[in-house]
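A.B. asks: Sequence plus predicted model, see below.
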Amino acid sequence: MQWLLLLGAEAQHDTLDAALEALRTLGEVEPLTRERLTDAASGAPKRYRNRLVSLDVPLDREALVDACKAIERAFGRGSVDGVPLDIDVLACCVDTHWQVDAHARAKGEFDAPHVRLLLADAGLDGRFDAAG
Ligand SMILES: Nc1ncnc2c1ncn2[C@@H]1O[C@H](COP(=O)(O)OP(=O)(O)OP(=O)(O)O)[C@@H](O)[C@H]1O
Ligand SMILES: Nc1nc2c(c(=O)[nH]1)N=C(CO)CN2
């Protein structure tokens, strides 16, 4: 199963390269964008590092989300200040089509400026099925 993941970290945490290596322990990782510095979606005066990757892994959604949460914790999420690493599942690939993840849609991830910027970077704008 192929998944589209958004990696994020508050800008003071330079973790995304190491996070990519951690994801490689789960399956085949392909970076879809370089790392971008983006303004906080909330409008707060802070910046994030963001990057899109695809991950090919024999895990269902629940197991993948659990594995991502475990990696976030290993990078200090919940035990250090701020957001050292956030991994969000944006979509999965079904029959060569990207299908938006229901949780990501409900959170409005696809409307966030940093996500739109990265999707454009990856050439994925408008490449999603409405279902999901
Ligand atoms: N597609 C998904 N991506 C991430 N978490 C998901 C997803 N679907 C379900 N979940 C579950 O929902 C919970 C809350 O997800 P959410 O993305 O809001 O948390 P978060 O990563 O702490 O927030 P944020 O991404 O805003 O920092 C997660 O801990 C996870 O168990
Ligand atoms: N630009 C940007 N803003 C955010 C991000 C993010 O990854 N990038 N993640 C958030 C929740 O973790 C909240 N706001």
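C.D. replies: Yep, it's here. Ligands and ions are numbered 1, 2, ... in the order given.
A.B. asks: ok, and the residue of the chain found nearest ligand 2, which helix or strand is that part of?
C.D. replies: In the chain, the residue that lies nearest ligand 2 is G8 (2.6 Å; C-beta to the nearest ligand atom). Backbone N, C-alpha and C define where each C-beta goes, glycine included. Taking DSSP states H and E as the criterion, G8 maps to strand 2-10.
A.B. asks: pLDDT on that strand, on average?
C.D. replies: The predicted model gives strand 2-10 an average pLDDT of 98.
A.B. asks: Quick one: name the residues of this protein near ligand 1.
C.D. replies: 65, 69, 86, 88-89, 101, 103-104, 107 (C-beta under 6 Å from any ligand atom).
A.B. asks: Can you turn the buried part of those into a PyMOL selection?
C.D. replies: Buried members of the residues of the chain next to ligand 1, defined by 16 or more other C-beta atoms under 10 Å, are picked up in PyMOL with:
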select buried, resi 65+86+88+89+101+104
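A.B. asks: What about the residues of the chain next to ligand 1, which are in strands?
C.D. replies: 86, 88-89 (DSSP state E).
A.B. asks: need the strands for the protein, in chain order.
C.D. replies: Counting by DSSP E, the chain has strands at residues 2-10, 28-31, 36-39, 47-56, 86-94, 97-100, 128-129.
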